[in-house]
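Engineer: no sequence on this one, just coordinates:
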């Protein structure tokens, strides 16, 4: 087979980029359901228990201050992180006639959706050891399915976004669908309220999640059946073995800086996302159905920021905006730790947090993917080997470890004190990690990376306005 080159591949138009982004709409729905509602469902607060919600797994601290739900979620993330480079290597080295990524995008969605449903479907009534074990197994299978879809999916980003402007554009499209997917996930208690009179608290949650999972599977299949990978991407398999490829990836100094910063960011963000239902119900005293309206407000403000982020990033670069977002997130997290105080109405607190979080979410929802794409492309030019799958797997390997730490910390810190003090502490811890992440990212040498791309990629400055 003749060696494929980037120069011989077509630039993806906006229609293709949107079809690609629909896949993220699907997987972000499933990811959002687990991130936002797993702990809420299995370690419910007093307000949810008052509504008749049941307990299914062991509650409270069981080992060194750690909880069962914290250990299960952390185990899932660690297992997921370990499988990431294995799936990435299989994708990079895939020799299927459909390409290196599309086979995974076609076969992974159905088990991905199925295990999302099963996570909330405890087989035994009441608190049982069998429920603990079943949940652990379902969580592990969920994360393997997620990796089988998301790692090959993300590997297409630098190949569909071939120029600097295209990378920012595709990251913007992905951010839009990510927010919509996450918004659908936040709808769980609102939709469940429709079924609750006839199905109860637990049954309504399960029915809602099953419905959303079916829609998510359909969305994930869209790019798998509408994009011809051979037309837009290099499909020549990599010959580098898994761990050798992973080692080469982590030797990239700019990637090391990015990953360290990203781990700290995901510890902070996961703690905030997991805590959001508790901040709203336990600290603000609002009903859990208010989660969606407040997230919708946050999304609307973020959307207003998207065009600005897109334009400014192209003019001043990604690094400055990312550092600014880290610092602004610190303000949002610090403010969250104070909600419910000073006589400010609960809805006003909710609106303040939503607006403050919206601005950095718009930036960090768009630019980090483009940064990884830049680093992967510069590395390919330098080494002569395209390993996009491994770069994205290495990123997810790292940030999932961060998420694991975050879940362990949140479920334990939230038990500290009374009157919601533990939840306030989680917001402060998130603030500290976000500040540290911003300081680390300041070491990223963006000009050096872009200089390599401009010197080595014949399409780096191509017209991509179509």
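Structural biologist: Looks like it came in fine. This structure is a prediction, so every number in the text was calculated from the model and none was measured.
Engineer: buried set for the helix or strand hosting residue 151?
Structural biologist: Assessed by DSSP states H and E, residue 151 sits inside helix 129-155. For helix 129-155, burial by neighbour count (16 or more other C-beta atoms under 10 Å) applies to 131-132, 134-136, 138-155. (Glycine included, C-beta is placed from N, CA and C.)
Engineer: could you point out which element follows it?
Structural biologist: Remark: after helix 129-155, the chain's next helix or strand is helix 157-160, criterion DSSP H and E.
Engineer: Give the other helices and strands that that following helix contacts.
Structural biologist: Counting contacts by 3 or more C-beta pairs under 8 Å, 6 or more residues apart in numbering; DSSP states H and E, helix 157-160 is packed against helix 14-42, helix 164-186, helix 346-383, helix 388-413.
Engineer: deepest of the ones you listed, which one?
Structural biologist: Comparing these by mean neighbour count (mean count of other C-beta atoms under 10 Å), helix 388-413 ranks first with a mean of 26.
Engineer: Pull out the buried positions in the next helix or strand after it.
Structural biologist: Using DSSP H and E, the next helix or strand after helix 388-413 towards the C-terminus is helix 421-441. Buried residues in helix 421-441, defined by neighbour count with 16+ other C-beta under 10 Å: 422-427, 429-431, 433-438, 440-441.
Engineer: now for helix 421-441, which elements pack on it?
Structural biologist: Short answer (3+ C-beta pairs under 8 Å, 6+ apart): helix 421-441 packs on helix 253-278, helix 318-336, helix 388-413.
Engineer: Am I right that residue 62 falls within a strand?
Structural biologist: Yes - assessed by DSSP: H, G, I helix; E, B strand; the rest coil, residue 62 belongs to a strand.
Engineer: ok, now which ones touch the nearest residue to residue 37 once chain neighbours are set aside?
Structural biologist: Spatially, and ignoring its direct neighbours in sequence, residue 37 is nearest to residue 188 (5.5 Å; C-beta to C-beta, 6 or more residues apart in numbering). Residue 188 sits next to 33, 36-37, 205, 208-209, 212 when contact means C-beta atoms under 8 Å, 6 or more residues apart in numbering.
Engineer: Roughly how far does residue 391 sit from residue 46?
Structural biologist: Relative to residue 46, residue 391 is positioned 44 Å away (C-beta to C-beta, to the nearest Å).
Engineer: repeat for residue 326
Structural biologist: Distance from residue 326 to residue 46, counting by C-beta to C-beta: 34 Å.
Engineer: if you count what's nearby, which of these two comes out ahead?
Structural biologist: Legend: neighbour count by other C-beta atoms under 10 Å for residue 326 and residue 46, higher for residue 326 (26 against 9).
Engineer: doesn't residue 360 make contact with the more buried one?
Structural biologist: Yes - if you go by C-beta atoms under 8 Å, residue 326 and residue 360 touch, sitting 7.2 Å apart.
Engineer: Residue 227: neighbouring residues, count only.
Structural biologist: For residue 227, using other C-beta under 10 Å, the count is 23.
Engineer: re the thing from before, so which elements touch the helix holding residue 151?
Structural biologist: Under the contact criterion of 3+ C-beta pairs under 8 Å, 6+ apart, helix 129-155 touches helix 14-42, helix 68-92, helix 102-107, helix 109-119, helix 388-413.
Engineer: The same query, at a cut-off of 6 Å, please.
Structural biologist: helix 14-42, helix 68-92, helix 109-119, helix 388-413 (3 or more C-beta pairs under 6 Å, 6 or more residues apart in numbering; DSSP states H and E).
Engineer: circling back to that earlier point, where does confidence bottom out across the contacts of residue 188?
Structural biologist: Of all the contacts of residue 188, residue 36 has the smallest pLDDT value, namely 80.
Engineer: any idea how far that one lies from residue 187?
Structural biologist: Taking C-beta to C-beta, one finds residue 36 at 10 Å from residue 187.
Engineer: what sits against residue 291?
Structural biologist: 186, 277, 280 (C-beta atoms under 6 Å, 6 or more residues apart in numbering).
Engineer: Next: residue 361.
Structural biologist: So residue 361 contacts residue 302 (C-beta under 6 Å, 6+ apart).
Engineer: at 10 Å what do you get?
Structural biologist: If you count contacts by C-beta atoms under 10 Å, 6 or more residues apart in numbering, residue 361 has them with 175, 178-179, 182, 269, 272, 298-299, 301-302, 305, 325, 328-329, 332, 354.
Engineer: wait, isn't residue 73 in contact with residue 138?
Structural biologist: No - using C-beta atoms under 10 Å as the test, residue 73 is too far from residue 138 to be in contact (11.5 Å).
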